[in-house]
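**Student:** This is a predicted model, with the sequence first.
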Amino acid sequence: MKIIHTGDVHLGSAMRNLPPEKARLRKEEIIDGFRRLCAYAKAQGVAAVLIAGDLFDENTPTTSLKKEVFSMIAEAKPACFFYVSGNHDDEFSYSEALPENLYLFSQNHGWKSYDLPENVTITGLDSKYLDEGKYKELSLKKDRFNIVVLHGDISQGERKNTETISLRRLQNNHIDYLALGHIHIPTLTAERLDSRGTYRYCGCLEGRGFDECGKKGFFLLNVADGKLESETFLSFSKRELIEIRVDISACNTYYDVERTAFSAVQNVKRENVVRLILVGQHTAGLKKDLPLLSHRLCENFFFAKISDESRVFIDYAAFLNDLSERGEFVREVGRYEMNEEIRSEIIDVGLKALAGEEIDL
């Protein structure tokens, strides 16, 4: 039996970190990603698709979006979808006309189990109903292959808040596979839950922000004869978000910075979203011109963003006997007690002003 473990799709995300025209396109690409997953499930004979929370980005998705998503799910038959709501869609309305192949869990605020062929049982609980008492109510048959679907942060100890899942309380409950959602980075190698079972996060289907860099997709599980025979991560995202740190210590001009930046991204595909972080220590007065650099990079990628964490290197000895305004300014700033990073930034801006250069703020 083929089973997909996915979650954190966040359909309907506003994508406010992108320019308006790119945000609209990216929003549609995320919806299309779920459409492609549904088509894949049907084409590959997947029996069950586990959605571990946050299918939607908010708890009141538009009627048109729900209608579109439910249509995708219906068209994926005979694949069945098992949907545990998360912290973003925790008030999901059950009054909608749901596809007959979409199964929900916590209509009665408790655990719900579905028995599938080949001795597989899928059990879940909506995230907002998982309290301490619910752990005691979990009852799974020892002779079944048990999959439990939950959404939240894991903890080895007790429950810390409404989004915490206690692994300790789930141990020794005949769980074979704990399918988790909420963390957007996939657990590529499943972790041990206990002597019987494993657990993992599926990660998000598409990266939306630079806290979601790297390959995104879903896990394809193959269960046979009561055992998990294989588990494969399938990279499925339309675009990858990539973050690269670029050392500009050796740069003396803006064009040095630009050449260094483009060298760092030479192997990055054009369709991806890139964030460059400038690092290192450079000479005072270096013109970095971040808006221009960002514009040049955006011409080569779907979107690019520049962050500057580089610092100015000040050779104070070189200014000790300098009788110019530059020397006097550096010595004056050096007399005050302050954070060295702030001091170097003040000196950099001051030296540029004295030279009549454009100041990057």
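**Tutor:** Perfect, thanks for sending it.
**Student:** Any stretches of the stretch 151-300 of the chain with poor pLDDT?
**Tutor:** The model of the stretch 151-300 of the chain has pLDDT under 70 over residues 156-162.
**Student:** switch to 80 and redo it
**Tutor:** 155-163, 284-285 (pLDDT under 80).
**Student:** Same check on the stretch 1-150 of the chain?
**Tutor:** If you take pLDDT under 80 as the line, the stretch 1-150 of the chain has these spans: 88-96, 106-108.
**Student:** where along it do the strands fall?
**Tutor:** Using DSSP state E, counting those that start in this stretch, the strands assigned to the stretch 1-150 of the chain run over residues 2-6, 48-52, 80-84, 102-104, 112-116, 120-124, 145-151.
**Student:** mind checking which of the ones you listed is nearest Ser71?
**Tutor:** Nearest of the strands of the stretch 1-150 of the chain to Ser71, taken as CB to CB: strand 102-104 at 11.1 Å. Backbone N, C-alpha and C define where each C-beta goes, glycine included.
**Student:** average pLDDT for stretch 350-361?
**Tutor:** Mean pLDDT, stretch 350-361: 66.
**Student:** Report the contact partners of the nearest residue to Glu309 once chain neighbours are set aside.
**Tutor:** Closest residue to Glu309 apart from its sequence neighbours, by CB to CB, 6 or more residues apart in numbering: Val279 at 5.2 Å. Contact analysis of Val279 by CB atoms under 8 Å, 6 or more residues apart in numbering lists Arg245, Val246, Asp247, Ile248, Glu309, Ser310.
**Student:** so how far is Pro291 from Val279?
**Tutor:** Going from Val279 to Pro291 by CB to CB, to the nearest Å gives 19 Å.
**Student:** re the thing from before, of the strands of the stretch 1-150 of the chain, give the one that comes closest to Lys67.
**Tutor:** Among those, strand 102-104 comes nearest to Lys67, with 12.9 Å by CB to CB.
**Student:** Show me what the helix or strand Ile342 falls within is packed against.
**Tutor:** In this assignment (DSSP states H and E), Ile342 forms part of helix 340-354. The contact analysis (3 or more CB pairs under 8 Å, 6 or more residues apart in numbering; DSSP states H and E) places helix 340-354 against strand 311-313, helix 325-334.
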